[in-house]
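model this:
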Amino acid sequence: MKTLGLLIIVAAGFFAQSCKFTGGPQLMPNVSGKAGEVVVVIGKGDWEGEAGASLRSILAMDEPFLPQREPMFNLVNIPENAFSSIFQTHRNLIITQIIPGTEENRIVFQENVWAAPQIVVTATARNSHELAQLFQENKDRLSGAVLMAERNRNISNAKRYEERGLRAEVAAEFGGSPYFPKGYSIKKKTDNFIWVSYETTYTNQGVFIYRFPYKDTTDFNRDSLVARRNEILGRNVPGPVDKSYMTTNILLEPGLRWISYNKRQFAELRGLWEVQNDFMGGPFISHFFVDQNNKSIIALEAFVYAPRYDKRNYLRQVESLIYSFEFF
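The predicted structure follows:
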């Protein structure tokens, strides 16, 4: 668990130090492409060979803790001779270069090369075999940097189109708040619990913010956090029929890891939720951290209900909101 948390820290630090800023967003065209999509510039033979297989094992592996199989990213292969200005503005670019005489295999991360907010990763190696090795040696930095770029776009949009009154109301209760874009509203508010929701005809993206007393570090083990989650949501989040309520699906054991982000350390619980005595369910992600001033634990939880659709992008959108939490 500590190792996973450390990988997040390393990825974040490397990305921050390796990015080359070539111009502000106001001076560049907006990025193109869909959320969760990565354009990979590589020759067809190498894409179908060892180098492509190596990259797919890193970026196209199954996204964990979803109710159905979805890849972490959708990869789109573009050969070098087809990499025109049309593709240069894509949000996530991985450009490969096989140069037999190069002195050192290397991978370089840059921001906003042709558009903004964009990430461009350039990987240079002597041959396809060494390119595959280069991807594996940098797999955590590679996936972490692209994930962070996707998250930062969502946070930027939430701040740009913020529902200001909503953030102030949440902060009045908890001392801080995520940023919420327009369309989100408070669905329920009780003592130490607020439910913020964005709902359409067929989707529901929600955020829970709640607090409970902090005793000691054992409060952060998986069983304790799941028990607290079930207790609080069972009391505050009813289902559509009598005696139904939200709880944690235990058929797939939730994952727990520690993350350091934006000067905060928190435990991340990731898994599936379900409604007791009903058939609703979906993915959730919870952040738990200590509020020292009030000797309590604050929980930020993102969840999605979208039975007709893939859920990866919906979950990343609302997950980004809880990452945006700041104390006033």
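
Wait, a helix at Arg229?
Yes - counting by DSSP: H, G, I helix; E, B strand; the rest coil, Arg229 falls inside a helix.

And it, how close does it get to Met246?
For Arg229, the distance to Met246 (Cβ to Cβ, to the nearest Å) stands at 9 Å. Just so you know, the C-beta spots here come from the backbone N, C-alpha and C atoms, and that holds for glycine as well.

same deal with Ile86?
45 Å.

cool, and Ile285?
Ile285 is 14 Å from Met246, by Cβ to Cβ.

ok, those two, which is more surrounded?
The neighbour comparison of Ile285 against Met246 (other Cβ atoms under 10 Å) goes to Met246, with 25 against 22.

three-state assignment of that one?
The three-state label given to Met246 by three-state DSSP is strand.

quick one: what helix or strand has Ala302 in it?
Element membership for Ala302, per DSSP states H and E: strand 296-305.

Relative to the helix or strand Thr122 falls within, what are the paired strands and their orientations?
In the assignment (DSSP H and E), Thr122 maps to strand 119-125. Each strand paired with strand 119-125, and its direction, by DSSP bridges: strand 92-98 (parallel), strand 106-111 (antiparallel).

Give me the contacts around that strand.
Strand 119-125 is contacted by residues 19, 91-99, 102, 105-111, 113-114, 131, 133-135, 142, 145-146, 149 when judged by Cβ atoms under 8 Å, 6 or more residues apart in numbering.

among the residues you listed, which ones are buried?
19, 91-96, 98, 105, 107, 109-111, 113-114, 131, 133-135, 142, 145-146, 149 (16 or more other Cβ atoms under 10 Å).

Check the offset of the helix or strand hosting Ser286 from the chain's centre.
Following DSSP H and E, the helix or strand that holds Ser286 is strand 281-291. With Cα atoms, centre = their mean, to the nearest Å as the basis, strand 281-291 stands 12 Å off its chain's centre.

repeat for stretch 180-187
19 Å.

returning to what we had before: now do the strand holding Thr122, average pLDDT.
Mean per-residue pLDDT for strand 119-125: 98.

who does the helix or strand following it touch, helix- and strand-wise?
Later in the chain than strand 119-125, the nearest helix or strand by DSSP H and E is helix 128-137. With contacts taken as 3 or more Cβ pairs under 8 Å, 6 or more residues apart in numbering; DSSP states H and E, helix 128-137 sits against helix 44-48, helix 50-59, strand 92-98, strand 119-125.

Select, out of these, the one closest to Gly206.
strand 92-98 (27.1 Å; Cβ to Cβ).

Return the distance of the closest one from the chain's centre.
For strand 92-98, the distance to the chain centre is 23 Å (Cα atoms, centre = their mean).

One more: stretch 89-100?
With Cα atoms, centre = their mean, you get 23 Å for stretch 89-100.

Also stretch 319-328?
12 Å.

Identify each buried residue in it, please.
Neighbour counts using 16+ other Cβ under 10 Å place Glu319, Ser320, Leu321, Ile322, Tyr323, Ser324, Phe325 of stretch 319-328 among the buried residues.

out of those, which are inside helices?
Glu319, Ser320, Leu321, Ile322, Tyr323 (DSSP state H).
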